[in-house]
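**Student:** Next come a sequence and a model predicted from it.
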Amino acid sequence: MKVLFIFDASSLDQEPLGMMHISALLKQCGHTCEALNLAECKDLVAAVRERDPQLLAFSVVTGPHQRLVRASQEIRKELAIPSIFGGPHPSYFPELIEQDGVDIICRGEGEYPMLELAEALESGKEYANILNLWIKRDGQIYRNPVRPFMQDLDSLPWPDREVFNEFLNLHVEDTRYFMGGRGCPYDCTFCFNHVAKNLAEGRYVRWRSVEDLIKELKAVREQYDMRFVNFQDDTFVLKVDWLEEFSPLYRREIGLPFLCHVRANLVSDHMSRLLADAGCVHVGMGLEAGNDHMRNVVLKKNVTREQLINACRSLQAHGITVSTQNMFGLPFETIDTVLDTIELNIACRPERTNLFFYVPYPRTQLAQIAIDAGFFRAEGLDSLPEIFTTEFSSVNLTLANARQIEQLAKLTRFCVHFPVFFPIIRFIFKRPGGNWLKTVVLRTLLFLQGIYTRIAGGSIRLARPRK
């Protein structure tokens, strides 16, 4: 059977490991797979007809899912090809099956459900009872339970990079993407993991063996011009003994610089040394909010200010640069809490500060908090969220002083780079009244930030030499 994976590169900027794992398993079992970038299609129906697939496969996240659903509807008008939608959105919003152009959805891990579906369709056998799948047929929807989480990750074939290799934007600057495991044990209210772990039975946090991961890395390096490695695990440093085995083997067998994601409360001097010895040059770390109540009560991050600062110090002392991940426009956000986040970033001195405005993802705890507190219109989250979009560049909630919160948040990079200005900014915004002055200050500093960014040739970042 021939399966065509359709994705939208305008909302995807890295190798789609989920689809690549599925493609690898399908190919291993004798099926054919191709991929199509929706963003490059001038005539979608003609492109699909030319490839002549027997099954269309879409992997979708909430927000951009709408464009892919419309693409499936466009194809359906001309071609009678069944479609399946997998990925995060149908896992948490299985009502997607009710949309025109959506024949099947997959909830949870998709490798073996897709294989069983392809084999059933090819042989003409019944497929209405495949676990993880909801199937719409003849006006009826078959809602099957989710199978237990896959425990032996080494049993899967490595991701099929060839099927997506022609799409250069997915592996920019010779970077390739890998994962050492699946799942996250934490219950942050803004994240999907606290929902995902309840989808199925079995251990949610799982690791590949170091040996299997190193073998894959070596194979990819030999086949492609790979010069940088990006590990996409939610938290790469969860298991110290795994990292102790990984570090010397990676350095000896691979020896390429890499990036990974860490969590501040897990970072120790020993762990920083293991990462640095292996070749880690940069980490991403969730700071999220500078205010302790916001970070640990509202977000349930359960990371202290001291842990964040000490983690940055430890990593930087071993020559590893740090990006902090920050959210603004959260439920209960105020000018004071924005100032707290800027102040904590200054204290952490990250080489890069990443800014996002909170989006209330459907069916997460924080989305419900936002609804209950009156910060978001409930209709958009309680039913199929066709009005829902992922807009990270502005405040999405109905907050007091939303415009000032947004403008002040956008000065975070400026304040981290030029901390001498922060006491002045804090003094002005702590004073009651004087909104005209605050507006003038914000606009002036945003203007200066824009000039500096253009002169510097990119976003503001701190360049600190490795030790």
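**Tutor:** Alright, I've got the coordinates.
**Student:** ok, which stretches of the stretch 301-450 of the chain are helices?
**Tutor:** Ranges of helices within the stretch 301-450 of the chain are 305-317, 335-348, 365-372, 379-382, 402-409, 412-417, 422-430, 435-456, based on DSSP state H, counting those that start in this stretch.
**Student:** what's in contact with the fifth one?
**Tutor:** Contacts to helix 402-409, defined as C-beta atoms under 8 Å, 6 or more residues apart in numbering, come from residues 326, 328-329, 333-335, 338-339, 341-342, 355, 357, 394-395, 399, 425, 429, 435, 438-439, 442-443, 446. Glycine gets a C-beta too; all of them are placed from N, C-alpha and C.
**Student:** Just the buried ones out of those residues, please.
**Tutor:** Buried subset of the contacts of helix 402-409 (neighbour count, 16 or more other C-beta atoms under 10 Å): 326, 328-329, 333-335, 338-339, 341-342, 355, 357, 395, 399, 425, 429, 438, 442.
**Student:** and residue 259, what element?
**Tutor:** strand 258-262 (DSSP states H and E).
**Student:** Pull the distance from that strand to the chain's centre.
**Tutor:** How far strand 258-262 lies from its chain's middle: 13 Å, per C-alpha atoms, centre = their mean, to the nearest Å.
**Student:** And the contacts of it?
**Tutor:** With C-beta under 8 Å, 6+ apart as the test, strand 258-262 has contacts from 228-237, 250, 271, 275, 278-285, 311, 315.
**Student:** Would you mind identifying the next helix or strand past that strand?
**Tutor:** According to DSSP H and E, the helix or strand after strand 258-262 is helix 269-278.
**Student:** Beyond that next one, next helix or strand please.
**Tutor:** Past helix 269-278, the next helix or strand by DSSP H and E is strand 280-288.
**Student:** which other residues reach that next one?
**Tutor:** Counting by C-beta under 8 Å, 6+ apart, 188, 190, 257-264, 267, 275, 295, 299, 301, 303, 308, 311-312, 315, 319-327, 341, 344-345, 348, 350-351, 354, 466 sit against strand 280-288.
**Student:** Show me the domain layout of this structure.
**Tutor:** With domains defined by automatic domain parsing, the chain comprises 2-143, 179-456.
**Student:** for those, which one sits closest to residue 163?
**Tutor:** Of all the domains of the chain, domain 2-143 sits nearest to residue 163, with 5.0 Å by C-beta to C-beta.
**Student:** Give me the buried positions along stretch 79-97.
**Tutor:** Quick answer for stretch 79-97 (16+ other C-beta under 10 Å): 81-94, 96-97.
**Student:** Need the max-distance pair from these.
**Tutor:** 81 and 92 (25.9 Å).
**Student:** tell me the secondary structure for residue 56?
**Tutor:** Using DSSP: H, G, I helix; E, B strand; the rest coil, the structure places residue 56 in strand.
**Student:** Tell me who's in contact with the spatially closest residue to it that is not a sequence neighbour.
**Tutor:** Of all residues not flanking residue 56 in the chain, residue 83 sits nearest, at 4.3 Å (C-beta to C-beta, 6 or more residues apart in numbering). Residue 83 is in contact with 55-58, 72, 75-76, 101-104, counting by C-beta under 8 Å, 6+ apart.
**Student:** ok, now with 7 Å
**Tutor:** Contacts for residue 83 (C-beta atoms under 7 Å, 6 or more residues apart in numbering) come out as 56, 58, 72, 101-103.
**Student:** and what of residue 322?
**Tutor:** Per C-beta under 7 Å, 6+ apart, neighbours of residue 322: 283, 285, 312, 315-316, 350-351.
**Student:** And the pLDDT for the nearest residue to it once chain neighbours are set aside?
**Tutor:** The shortest distance from residue 322 to any non-neighbouring residue, by C-beta to C-beta, 6+ apart, is to residue 350 (4.5 Å). With respect to pLDDT, residue 350 scores 96.
**Student:** ok so, going back, redo the helices of the stretch 301-450 of the chain as a markdown table? Include distance to residue 138.
**Tutor:** Shown next, in a markdown table, are these (distance: least, C-beta to C-beta, whole Å):
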| stretch | distance to residue 138 |
| --- | --- |
| helix 305-317 | 55 |
| helix 335-348 | 53 |
| helix 365-372 | 35 |
| helix 379-382 | 29 |
| helix 402-409 | 48 |
| helix 412-417 | 54 |
| helix 422-430 | 61 |
| helix 435-456 | 57 |
